Structures are given as structure tokens and as C-alpha cells.
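Undergrad: 3D, please:
(chains A, B and C)
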Amino acid sequence: MENSSPLIIKRSSDFYSLKQSGKRYWPTKWLLLNYGKNDLGQIRLGVTASRKVGSAVVRNKLKRWSREYFRKSLKAGNSNAADINLIFKPIDKEFYKVLKYQEFVEAMDAGMLVVRKYL
RNA sequence: UCGGUUUUGUGGGUGAUCGCUCUAAUAAUUUUUGUAUAUUGCUGAAAUUAGAGAGGAAAGUCCGGACUCCAUAUGGCAGCGCAAGGGGUAACGCCCCUCUAUAGUAAUGUACGGAACAGUGGAACAGAGAGAAUGUCCGGGGCUAUGAGCCUGACACCGGGAACGGGAGGGUCAGGGGAGCCGCCGGAGUGAAAACAGCCAAACUCUGCGCGGAGCAAGAUCAAAUAGGGGGACAUUAGUAGGACGGCCAGUCCGUAGUCUCCGGGUAAGAUCGCUUGAGGGUGUCAGUAAUGACACUCCUAGAGGAAUGAUCAUCCAUCUUUAUCGGGGUGCUAAUGGGACCUGGUGAAGUGGACAGAAUCCGGCUUAUAGCAAAACCGAACUC
RNA sequence: GGUGAUGUGGCCGAGUGGCUAGGCUCAGCUCUGCAAAAGCUGCUACAGCGGUUCAAAUCCGCUCGUCACCU
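TA: Numbering: from 1, shown residues only, chains lettered A, B, ... in the order given. Take a look at the predicted model:
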């Protein structure tokens, strides 16, 4: 797999162990980063968004944004051996529908600063 | 011109940069996985090039099918569903035409529809009375001391083979008794409904028709090792015990525990197939009031799998807001034919910024969500010719 | 993706088509020096929208929410 897109966390056991042993950080009210080291030498990405976050269209959009953000980050040369799970918290039915990509990027930048400091 | 009804179509476009998934091609050349070998080769991946890449509802999963497995799913009962009359369809609870009721000036919309003399059951409260009812009230009509209504008995008559039972809102006769009576007509009152064998079957039920069950997580194939398990042969005998056909019965099918021998199940959210060409779309002609069908030509248009279609920028077309300007109306304000609040249309400029919503085996419907734009047919009103 | 169940006050929970029981909680009053207990009184409901019916929590559709099962 020589794709420029990041690897994806697939096993539910991986999500579980990340929840047990990983660190947590809230960049904003609505986003929670759950992260920890891995021994793959690459970033692995997971996205958690319950049905309360919004419709399928909204959840799909959040997943694509997350993937796009890490793809750009990889291209810029930032490659860390870490598992990161982005957890979107349900706030308001209209909130995620109106959210802009720029706001998402700002939140992620703030979050990744803390993550890099840990690694 | 204004207002309305119905039916369709569309569901932002173009370009640039960086990405994702699938398919095809790659000649003498490149990198690499596995395998085989005398180099070759075969196979997978990368890279390069080309092509394609969410919807009208993809949604809800409410109906109907295709497909797969259970037996090529057979008969009956139970259960479930449907219901005017015709037609369409693979099929339907869908669609079309016609009948009926109802709303509208109209175009048209909406809704119901088998059976209540087969049976069981229901109608709170109110009311005299709620289903072979009635001891309400008022008026009319009729019967009645030539003895009514009422009570008792007998007979005709009805049911039953007979014994016997009934003998009534009806008939005849005899006895008692002694003043009112009437399944009459019209009205009042109660109620949703008041006597019409009326109403209720989206109450049970009856009649007619239809339905076997489960679902692509169906199901099939592939690989290392041991138990369970499966195939074959022998033994065993009664087609028994038992099992399958996911409610029950019939009916059909399968069918032992032992010994020998061969195969190798499940899991690792394993891999591959199922997996997208189909009751398909478009155009034309013909048949039909129509739904729809027939024929001819033409097109190939997503197949992911923790699940691809994204991000940014520019520009254009709609939308909305502000403003300038040019017309039309102008019943309020003003002393005013002027001005002009306000309403409305065109043009220019600036800003804003895209409804509902994401394929998951595939089709036909229904239902629900939906900004705006466009088209056709028809109806009503006013004006002009 | 598929299949099924369920929804009645703040909570639990009955309900043959005819004014929606009952318990807990809460509020007020009585009792007490003050509380508790007890007694009395009260508040707050049929998930939403249509249809059938004289009349729907109940029968029939559609929509919404919650829960469970199948690899």
C-alpha cells in the first residue's frame, strides 16, 4: 500500500486498547482526540461518530475531512508512529451541518500540537 | 393580464491544482511478491496512459417479485392478507378507465364501496322504549254493555317416528269477569341513531380470491495440524426407534448404535465467487379512451467491503439583501393636475451562497423529506380585436 | 445490511371502543415543641399526524423515539 492516504484502525480491539491505555485531549467542545503510540512507524486513523452527530451525509463528510487532513499532513512530512481516534461528540443537530472545513482544520491543528509534544 | 388545477422535466454548469475506488492496456525497457525452471514463463502489486464513478428519493423497510438454500414445496386445517365493475402487469395492498358519495363557479380533488332475511355480539349517557321494544304525552281514527281488552280450558294448526311439546302480536268455541282498548295514523320529547327485520363487519364471522418457510449476514468454493463430524465397505433388520419439510395433520423423503478405511470441520470480523446486462434505458412507428403492449434502430451508465466519489481556488447561471437609475400603479399625506410614503417590473454595481439528502444482491410500486428553475395541457375572471 | 419488539403523569404500572385505575415521588394542610410515621387534599399523562366510528389510549395507515437479535 503506497497510497498517500493514512492507514485505518479496523479492529474493535484496537479501539478498545486505545481507550484503555491512550491519552485524551479536547481541542474544542465537540472534538475528543484519543491517541497513543504504536510500533508500525506510521499514523493510523480512526473516526468515531454516533448517529446522534447527524445524518449519514454529515458523518460521511466528517470522515472525509479527517482523512483529507491527515493526507495533507503526511505529504508535508509529518509522520509519527501513533494511533489516533477522532471522536465527534453530539452537540446540536444543526451544528455539524453548518460547520466549515476551516474550523475543523483549526481544531485539529491545536490538537495535533499536543499530540506531537507527547510523542 | 391576473388567479387556479393537473402532469412532467431538472436537482447547479465550466476550468485548474492535489487526492480516492474500479476496469482496460503497457511493445525492446523499470521496481517488486509468490511459484516453477535450462534462459524463458505464469501470477499478484506498484508506476504510466485511457475510460467510468451516488439519488429522485439512494431513506422508511410498508407491499410485490427475481435470485439462493430448505425437497423442482403436493393436499387439508389453522393463520395472515385483499375486496364495487372491467382492464394492465412477472406480481402487488400498485397503475388506468367506469359507476357511487362529497368539496369546488369550473378545470379537478378527496373518500368509501362483497354479505347485517346463516349465526354470535355491540350501541356509554340521555330517553317510556336501543332491536321480534314500548305501563310516555298531545291530536285524529277505529273497536267496545249486541260485553272489548284480560284470565282459564278445548280445538283447528305447527314440530316430532312416537311419547310429548307449543298453541303465539294470528283463527274458532265454551266459561269467568265488567270498562276501557288498539303491534292504527300524525306530532312532541331524548339521543349519533326511534321501528324501517334499521346501524356497526378498519367486532367476531360468512363468501370469493391469494399466500410453504427463511433471507445476499441467502448461499457456493479455497488452505496447515488434532478431537467432534462426513463418505464408502462389512455386520445388524424393522424401512423400526428417530429425523427433515421451522404451527398441526396427511403425504413424501432421509435414516442406527459396532468394526475397518478414506475425507477433513470451525475460527482468525481470512480470501474468492454471488456482484451487476436488467420484467434495462433512449428514439421512432403501430394498437388501445388510458395504464400499457408489439415491432425496428440504438446505448452500456458505480460495484465499495470498518465500506471509494473528497479538498481548495476562479468564473458563470439561479436565489436572497443593499443601492443607483428608468418605467407602470398610486384610494393614504399635502393647498396642489405637482411632490411622494408604499406596491410592482426592467437594467447596472456590490455582497451572499446552494433544498432534502449518500449506493451496499437487484428490480416494480407506495410512503415520507425537498430551496429554486423550466415546460405542457386545461379551467375561471377582466380587457382588446 | 437484514429481522423483531415497544411507547400511558417526574418514576413504576393496569386498562373488553363509552369520564385513563393503583402505587411511589412532589406540593399544601392536620397531628408535633420540632421531625418521622399516619391521615386528608391537590398537581402533572395515552409519542405525533391522519382515517374508520355517534364516540378511539384501544381498530387501520403514515411519521418519530427507544430497545433487542442475526456475521
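Undergrad: CA atoms for contacts and neighbours, from now on please.
TA: Will do.
Undergrad: phi and psi next, for A:A81.
TA: Backbone torsions of A:A81, given as degrees, to the nearest 10, read phi -80, psi 90.
Undergrad: touching RNA strand B at all, stretch A:26-34?
TA: No. Applying C-alpha under 7 Å from any atom of the strand, one finds stretch A:26-34 out of contact with RNA strand B, separated by at least 14.1 Å.
Undergrad: quick check: end-to-end length of that stretch?
TA: 9 Å (C-alpha to C-alpha, to the nearest Å).
Undergrad: name the residues of it that are buried.
TA: Neighbour-count burial for stretch A:26-34 flags A:P27, A:W30, A:L31, A:L32, A:L33, A:N34 (criterion: 16 or more other C-alpha atoms under 10 Å).
Undergrad: okay, among the residues you listed, which ones form the most distant pair?
TA: Farthest-apart pair in those is A:W30 and A:N34; separation 13.2 Å (C-alpha to C-alpha).
Undergrad: which other helices and strands contact the longest helix along chain A?
TA: Determined from DSSP state H, the single longest helix within chain A is helix A:56-75. Under the contact criterion of 3 or more C-alpha pairs under 8 Å, 6 or more residues apart in numbering; DSSP states H and E, helix A:56-75 touches strand A:43-49.
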